[in-house]
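Asker: Give me coordinates for this.
(chains A, B, C and D)
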Protein chains: 4
Amino acid sequence: MPIRATVWGENVHEQKNKFVAENYPKGMHGQIAALLSEDKNIVASTVTLQDVEHGLTEKKLDETDVLLWWGHAAHKDVEDAIVERVVERVWQGMGLIVLHSGHHSKVFKRLMGTPANLHWREAGERERIWVVNPGHPIAKGLPPYFELETEEMYGEPFSVPEPLETVFVSWFQGGEVFRSGLTYRRGAGNIFYFRPGHETYPTYHDKMVGQVLRNSVNWAFNAERHAHLMKAPNTPVEKAIEPIVERGAKLTHHPKS
Amino acid sequence: MPIRATVWGENVHEQKNKFVAENYPKGMHGQIAALLSEDKNIVASTVTLQDVEHGLTEKKLDETDVLLWWGHAAHKDVEDAIVERVVERVWQGMGLIVLHSGHHSKVFKRLMGTPANLHWREAGERERIWVVNPGHPIAKGLPPYFELETEEMYGEPFSVPEPLETVFVSWFQGGEVFRSGLTYRRGAGNIFYFRPGHETYPTYHDKMVGQVLRNSVNWAFNAERHAHLMKAPNTPVEKAIEPIVERGAKLTHHPKS
Amino acid sequence: MPIRATVWGENVHEQKNKFVAENYPKGMHGQIAALLSEDKNIVASTVTLQDVEHGLTEKKLDETDVLLWWGHAAHKDVEDAIVERVVERVWQGMGLIVLHSGHHSKVFKRLMGTPANLHWREAGERERIWVVNPGHPIAKGLPPYFELETEEMYGEPFSVPEPLETVFVSWFQGGEVFRSGLTYRRGAGNIFYFRPGHETYPTYHDKMVGQVLRNSVNWAFNAERHAHLMKAPNTPVEKAIEPIVERGAKLTHHPKS
Amino acid sequence: MPIRATVWGENVHEQKNKFVAENYPKGMHGQIAALLSEDKNIVASTVTLQDVEHGLTEKKLDETDVLLWWGHAAHKDVEDAIVERVVERVWQGMGLIVLHSGHHSKVFKRLMGTPANLHWREAGERERIWVVNPGHPIAKGLPPYFELETEEMYGEPFSVPEPLETVFVSWFQGGEVFRSGLTYRRGAGNIFYFRPGHETYPTYHDKMVGQVLRNSVNWAFNAERHAHLMKAPNTPVEKAIEPIVERGAKLTHHPKS
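Answerer: The predicted structure is shown next:
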């Protein structure tokens, strides 16, 4: 059974900025989904901010193995209840790929527990993405480095937790560096942050970027869901695995007294 | 200059449960502060939930190098604005030691980005805390293991992110295990979670527990504050470190056009 | 194409100890291979210490995706040249699953860079293996814990590097704990250490143990080989990606002078 | 009591290359020790390859809290027995700071369990070292980045294990990046790798480099030594912490039978 990838697109600048519209006539989400569909093991669909419940209904999330998130201008318009819904799905095992300016999305900041800040410059400069972890599944099939001739610069420090693994580090023409591919697990959910993807540049038409996205969906996929991680159950003394006798003071009256 | 440690105590069960009151006549926070004061390099003070702004005023946090947090019954009574204030201080470099049931505090869950769930049993069973990382500063001076004859059980899975390092793992009489000492950094702030400390048992009168708490305060201390981590500044092309020429389309009108 | 798993067996105690021989009439390696073969995606074969080049010829390693290692009594009889051969394969991408007393094998210690010590007791006590990382691929399909009624005890501290992730933690009847499932990457090779497997007990007849082994082979598999990681090439200034002019003093005469 | 830092210098190119000799009239080790001595909490001494036992006698190591290692041309001349002696000291708690070309020293490769390869270019290009982990003790007092106008280039992938934390990432003029500051713990010993330091350039006269070295010595210091980590003791059933009865088959005759 193929992996069901859902691409969430903010779909704002596609409507307002002619460069973005020209770059991505089917929307950034549409183009990202097209990149994913080159992998026969992935079935990609799209939803947007403007859809009912931002397209992230319980039903849609039931049918999502890996969610990809691209947002920029309208992070604050994403309703908190939907954010919590997505976050709880990640904890239970849904994969999440956060793209570029999604570093400031409510969903990503909520899962990182940090501000996820950085410094930036929109100047169409050259970015060179180095593979620092060539054995990682997300780097499969990639050359030692690849270049995006015009990209926005993101510079360190990127205030996120130390990742499980650093997969990519970017060199920027203007003198900065950035950890561009970072993996996390939160609860049972795999999370990958991938830096490139400024909307006014043709990043999602790049072959290598497509390869990274497909790799990351395959890596993040987890067939299981772990609803038990949402609870903190009591294990009564009568059901202790090894027999024990209750001792000491309790906060509550003893059920048998 | 000594390290200024502030012990935050919920101070609820001390007022309501006679066992807790007998265990901790000066409050749990008071006894924790007493343990810290055995280190001449630490100056400990206490605040409680019931204080104005829960005792965590901007002024008090200005004077706090490391905050220790014990809460259980009243997590939901901690105001969100105070939680954000504490979290922002951690990001900028304040140390944080989260104790026992503080795993479910708003502050800890906010910083972890996970539910921080576990399973539990209040039966006064034996806990044996093993040092799995004897070279870690938080394990300084400890024997290979130490025991708490009556403690609450916390069982895995503990839904927190993979830590920077696992320092302690607990064995429980009833058959469970738990990763009892975990380190994190969020932004510039060091965070340590330490499992023991159920209020109806005399845990904070234990010598080894005192040693761990003092070690953890020394480890978490960071003299610097990093306010810049709270911002995501633009670095204009004119100020690029390496000279670059702006290219490509932009989201905004070019400032010079 | 299925994953080619090679099980390396020391095959010493099977020949000398009647309990081990009764437990494992086809050798421990044979039984481990049988467990793996329950997965249609795995083709398992076996080699032993007594084979030419310990069975680990260049040809055999060319045909190995994931190597499983069980040794105990004869670690020192494994030739150093074969150890280096195996280690270099791991660096280039071959997976490695190290079992039980293999913690003291030359291969594992070489890859960890630590003594990999622990304390131990052969008393047939109960081991309970808790899943602490339920979303990890190696924990797929497992219950919250499983038990081995008679096992050897291994106790902390286990002097290995902090792993990428801790998957399992064991509880022992005699009072110890142990981090029983640990993941690493060395070069491009995935490594998993799995604690159980004392030869006088029927551990490799356990269903859950079989599930862990099959999961770990699937997790460790990496189709790529990275021979370039074995070299430290010079990148001459004439071939710099960004044009630069050579400056400053050099260790060697300038090739053009 | 101050931290006793021992700087190990290979002291080969200082004798053979006039640029190196001019840069470092008291030897590279001498200049590194001078940088350390600016911290009143550090007492620095030097030893070299040419000394008896390479200067690393048992007595000298008894008096060493943190060892700094600079080598390049003569890695293979370091005797294996001395390498093992140093490695065992690290496991027991001695700190180790590995500098620049020391990435290929026997000591570092032995502790990493990887080839520690990279690609390189000696062209006197600009290196810009970015702090990616501003809260780390090794980054204390540093600006967001600092530059070395002429340095050797080291490029990724750097085949070392994923570190505990990445502290620095370098940008190179010729287009490469490198993870320039990496922390590890092996046994009880703290290890820091710091990239800059090519012998034909004035790197160890740089103020920021001095700050990093002093910070790293303070970070790596561990007052305790853990000789027990060198052993794998049996814990006999009679001395089990929790009383257990021996069961099952054994490899050896029962001592009481």
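
Asker: Next to chain D, which bits of chain A? Give me the list.
Answerer: Applying C-beta under 8 Å from any C-beta of the partner chain, we find that chain A lies next to chain D at A:128, A:130-134, A:144, A:155-158, A:162, A:164-166, A:169-172, A:175-177, A:179. Quick note: C-beta positions are derived from backbone N, CA and C, even for glycine.

Asker: Repeat the analysis, applying 7 Å as the threshold.
Answerer: Residues of chain A that fall close to chain D, judged by C-beta under 7 Å from any C-beta of the partner chain: A:128, A:130-132, A:134, A:156-157, A:162, A:165-166, A:169, A:171, A:175-177, A:179.

Asker: out of the residues you listed, which touch chain B?
Answerer: Within these, those near chain B by C-beta under 7 Å from any C-beta are A:157, A:162, A:175.

Asker: just to revisit the earlier point, just the ones of the residues of chain A next to chain D in strands?
Answerer: Among these, the residues falling in strands (DSSP state E) are A:128, A:130-131, A:165-166, A:169, A:171, A:177, A:179.

Asker: so how far is chain D from whatever residue of the stretch 151-257 of chain A ends up closest to chain C?
Answerer: Scanning the stretch 151-257 of chain A for the residue nearest chain C gives A:Ala188, at 2.7 Å (criterion: C-beta to the nearest C-beta). Taking C-beta to the nearest C-beta, to the nearest Å as the measure, A:Ala188 falls 21 Å from chain D.

Asker: what about the residue nearest to that residue when sequence neighbours are not counted, how many neighbours?
Answerer: Of all residues beyond its chain neighbours, the one nearest A:Ala188 is C:Gly135 (2.7 Å), with distances taken as C-beta to C-beta, 6 or more residues apart in numbering or on different chains. C:Gly135 has 26 neighbours, counted by other C-beta atoms under 10 Å in any protein chain shown.

Asker: Name all residues that make contact with C:Gly135.
Answerer: A:93, A:185, A:187-189, A:222, A:226 (C-beta atoms under 7 Å, 6 or more residues apart in numbering or on different chains).

Asker: and A:Lys76, how many residues sit next to it?
Answerer: 8.

Asker: tell me the contacts of the closest residue to it other than its chain neighbours?
Answerer: Spatial nearest neighbour of A:Lys76, excluding adjacent residues (C-beta to C-beta, 6+ apart): A:Lys106 at 7.9 Å. Residues near A:Lys106 by C-beta under 7 Å, 6+ apart: A:75, A:78, A:83.

Asker: I figured A:Ser170 was touching A:Leu182, is that so?
Answerer: No. Assessed by C-beta atoms under 7 Å, A:Ser170 is found out of contact with A:Leu182, at 11.7 Å.

Asker: Comparing these two, which shows the higher neighbour count?
Answerer: A:Ser170 (26 against 22).

Asker: mind listing what the more buried one touches?
Answerer: A:127-129, A:177-178, A:180, A:195.

Asker: Pull the most distant pair out of those residues.
Answerer: A:Arg128 and A:Arg195 (12.0 Å; C-beta to C-beta).

Asker: So which of these two has more stuff around it?
Answerer: The residue with more neighbours, out of A:Arg128 and A:Arg195, is A:Arg195; 27 against 20, by other C-beta under 10 Å.

Asker: So the nearest residue to the more buried one once chain neighbours are set aside versus A:Pro163, what's the distance?
Answerer: Using C-beta to C-beta, 6+ apart and skipping residues adjacent in sequence, the residue nearest A:Arg195 is A:Ser180, 3.8 Å away. Here the criterion is C-beta to C-beta, to the nearest Å. By it, A:Ser180 lies 11 Å from A:Pro163.

Asker: next one: A:Gly210
Answerer: Between A:Gly210 and A:Pro163 the computed distance is 22 Å (C-beta to C-beta).

Asker: In terms of helix, strand or coil, where does A:Leu96 fall?
Answerer: The three-state assignment at A:Leu96 reads strand, by DSSP: H, G, I helix; E, B strand; the rest coil.
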